[in-house]
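# Got a predicted structure plus its sequence, pasted below:
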Amino acid sequence: MCGIAGLIHRDGAADVGAEMTAMLQALRHRGPDDAGFALYAPPRDGYVMRFNLAEPNELRGRHFSERLERNRQEVEARLAKVGATVDRLDRQTEYSYRAEFHVDSDISALVDYIEDVPGCEVISLGHALEIIKDLGDAHSVADTYDLRRFRGTHAIGHVRMATESDVDISGAHPYWAYPLADLAVVHNGQLTNYFHWRRRLERKGHRFQSECDSEVIAVYLAEVLEQGTPLETAMKQSLDELDGVFTYIVVTADSLGVAKDVMAAKPLVLYESDSLVALASEEIAIRALLDREIDTYDPYEGQVLLWDR
């Protein structure tokens, strides 16, 4: 079991870090093992890259810390070698980092080059997108990464109970739709043709960081969008090509969308006003944002909805 949530402000920036924290904490009973955020600030000229150099359960003493520092320096050196101008590179935790830079290189080649550094995993890359995910509930992750101060226009989030995978960051959502900048997905459900699509996408040159079927949705959408297909069309196409019971939320730099399979077995509740759209696995998460009487509704089976900021 897990919980998903999303929100988009259609009239400007807000405290989306604090808002998503409140929504995910309200869903803690659906997944206490880890929490993840995909937060969107107004797009910048350069890129923001979030990356990890280890899993938290791998941290072992002074020599391990020295190795992490050498690998951090190697990431910085590789950015310089591809001509990136690094504006800042901050250490967020013992194993997690955030870099801001400008570069003209191909993004997928850059990510592959960076991930050749031992233990390195690029969590997200984009002009607007930042993915932050770690072990623990939403409050602890937000405190660790100071997320309540994040101002932006829209966000999605996920809490997970690790029923079929290890409790580690690689299995946590959201997933960045590598190699397409600024697109991320959270998902509740199961894909029954996961291995078919994973093999098919790998043959086309896509790579995966996890064994999670949710990552297949993200990479599938990236593949279709790279062919010039509009996002709403790609989402509708996914309902025909991805089998299983699922509800997923997808975000780009400008949009938030949701898709439910034709079985409609996985719950989702929606609230919509002129300025705000909020959606979650349970209404309690939306009520964590709005302390007044609200009207909500459930998307019907096989429905795709899309909102722009």
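Happy to help now that I have it.
# Now do stretch 273-284: distance to the chain's middle.
18 Å (Cα atoms, centre = their mean, to the nearest Å).
# Residues in contact with it: which ones?
With Cβ atoms under 8 Å, 6 or more residues apart in numbering as the test, stretch 273-284 has contacts from 2-11, 23, 26-27, 30, 188, 247, 249, 256, 258, 266-271, 285-286, 289-290, 296, 307. For glycine as for every other residue, the C-beta is placed from the backbone atoms N, C-alpha and C.
# now do stretch 88-103
Contact with stretch 88-103 is made by 44-56, 58-59, 65, 68, 72, 75-76, 79, 82-87, 110, 130, 134, 144-145, as judged by Cβ under 8 Å, 6+ apart.
# And for stretch 298-309?
Contacts for stretch 298-309 (Cβ under 8 Å, 6+ apart): 8-10, 153-154, 231-232, 235-236, 239, 254-264, 267-270, 272, 277.
# One more pass at 7 Å, please.
The contact list for stretch 298-309 (Cβ atoms under 7 Å, 6 or more residues apart in numbering) reads 8-10, 153-154, 231-232, 235-236, 239, 254-264, 268-270, 277.
# which among those end up buried?
Neighbour-count burial (16 or more other Cβ atoms under 10 Å) applied to those gives 8-10, 153-154, 231, 235, 239, 254-261, 264, 268-270, 277.
# which stretches of the protein have low pLDDT?
1, 162-167 (pLDDT under 70).
# can you rerun that using 80?
1, 57-62, 161-168, 170, 264 (pLDDT under 80).
# Now for residue 153: which residues touch it?
8-9, 13, 40, 42, 309.
# Dihedrals phi and psi, it?
Main-chain torsions, residue 153, degrees, to the nearest 10: phi -100, psi -30.
# Could you find the closest non-adjacent residue to it?
Closest residue to residue 153 apart from its sequence neighbours, by Cβ to Cβ, 6 or more residues apart in numbering: residue 309 at 4.8 Å.
# Distance check, that neighbour against residue 13.
Note on residue 309: its distance to residue 13, by Cβ to Cβ, to the nearest Å, is 10 Å.
# Any idea what residue 249 is bridged to?
Applying DSSP bridges to residue 249 yields these beta-bridge partners: residue 186, residue 258.
# And for it, the neighbour number?
27 (other Cβ atoms under 10 Å).
# Check residue 145 too.
Neighbours of residue 145 (other Cβ under 10 Å): 22.
# Correct me if wrong: it contacts residue 131.
No - when contacts are counted by Cβ atoms under 7 Å, residue 145 is not listed as touching residue 131 (10.7 Å).
# Next, the contact list for residue 150, please.
16-17, 39.
# at 8 Å instead, please
15-18, 39, 41, 130.
# what sits up against the strand or helix carrying residue 216?
Using DSSP states H and E, residue 216 sits in helix 213-226. Helix 213-226 has contacts (Cβ under 8 Å, 6+ apart) with 173-180, 183-187, 190-191, 194, 197-198, 201, 204, 206, 208-209, 231, 234-235, 237-238, 241-242, 244, 246, 248, 250.
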